[in-house]
Each structure stands twice: as structure tokens, then as C-alpha cells.
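Q: just coords:
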């Protein structure tokens, strides 16, 4: 869970083995997912950190 009370998910691989750059957040109060700004680079196998001044994706692999 992020500092702001949301759960964040980003990137990964879809069912076609395509590496994703999408990002979403889940609100526990409304029980809803919302798409947020995508990452600049698609990636998988990385760490995601939520801080007061932003969300940071660290490391990972972009498929190249």
C-alpha cells in the first residue's frame, strides 16, 4: 500500500507475453481500480516504491 492509502500495480506481462507500461491504483474506500499515468518504459520484474512526491519503478527488464 502506498503512503496515500492506495494500492498500486504497474507493468508486468500480459497473456500474450507483451511487457506492459500500464499503471493502476486501487481505492479501498470505493472498491475501485483507476488507471493512472503509464510508465515511460514498459518493464517487468521491478520494484515499485510510493513516496509523497511520486511513485518510482526501480530496476526490472524491458524485454531487450
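A: Good, I have the coordinates. Just so you know, these numbers come straight off a predicted model, no measurement behind them. Residues are numbered from 1 along each chain as shown.
Q: residues in contact with the residue positioned nearest the centre of the chain?
A: Nearest to the mean C-alpha position of the chain, counting by C-alpha atoms, centre = their mean, stands residue 10 at 1.8 Å. If a contact means C-beta atoms under 8 Å, 6 or more residues apart in numbering, then residue 10 has 21-24, 39, 48, 55, 57 as its contacts. Where you see a C-beta, it was placed from the backbone N, CA and C, and this is true even at glycine.
Q: for residue 46, same thing?
A: By C-beta under 8 Å, 6+ apart, the contact list for residue 46 reads 11, 57-61.
Q: tabulate the residues you listed (a markdown table), appending distance to residue 28, neighbour count and pLDDT.
A: Below are the contacts of residue 46 laid out as a markdown table (distance: C-beta to C-beta, whole Å; neighbours: other C-beta atoms under 10 Å; pLDDT from 0 to 100):
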| residue | distance to residue 28 | neighbour count | pLDDT |
| --- | --- | --- | --- |
| 11 | 22 | 22 | 95 |
| 57 | 22 | 17 | 92 |
| 58 | 25 | 9 | 94 |
| 59 | 28 | 8 | 93 |
| 60 | 26 | 18 | 94 |
| 61 | 30 | 12 | 92 |
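Q: just those: which are in strands?
A: Counting by DSSP state E, the contacts of residue 46 place 57-58 in strands.
Q: with respect to residue 35, which of the contacts of residue 46 is nearest?
A: Residue 35 has its nearest neighbour among the contacts of residue 46 in residue 11, at 13.2 Å by C-beta to C-beta.
Q: where does the chain have its least confident helix or strand?
A: strand 47-51 (a mean of 88; mean pLDDT, DSSP states H and E).
Q: off-centre distance for that one?
A: Offset of strand 47-51 from its chain centre (C-alpha atoms, centre = their mean, to the nearest Å): 9 Å.
Q: contacts for it next, please.
A: In contact with strand 47-51 (C-beta under 8 Å, 6+ apart) are residues 1-4, 6, 8-11, 55-60.
Q: what about 10 Å?
A: For strand 47-51, contacts defined as C-beta atoms under 10 Å, 6 or more residues apart in numbering pick out 1-4, 6-11, 23, 25, 39, 55-60.
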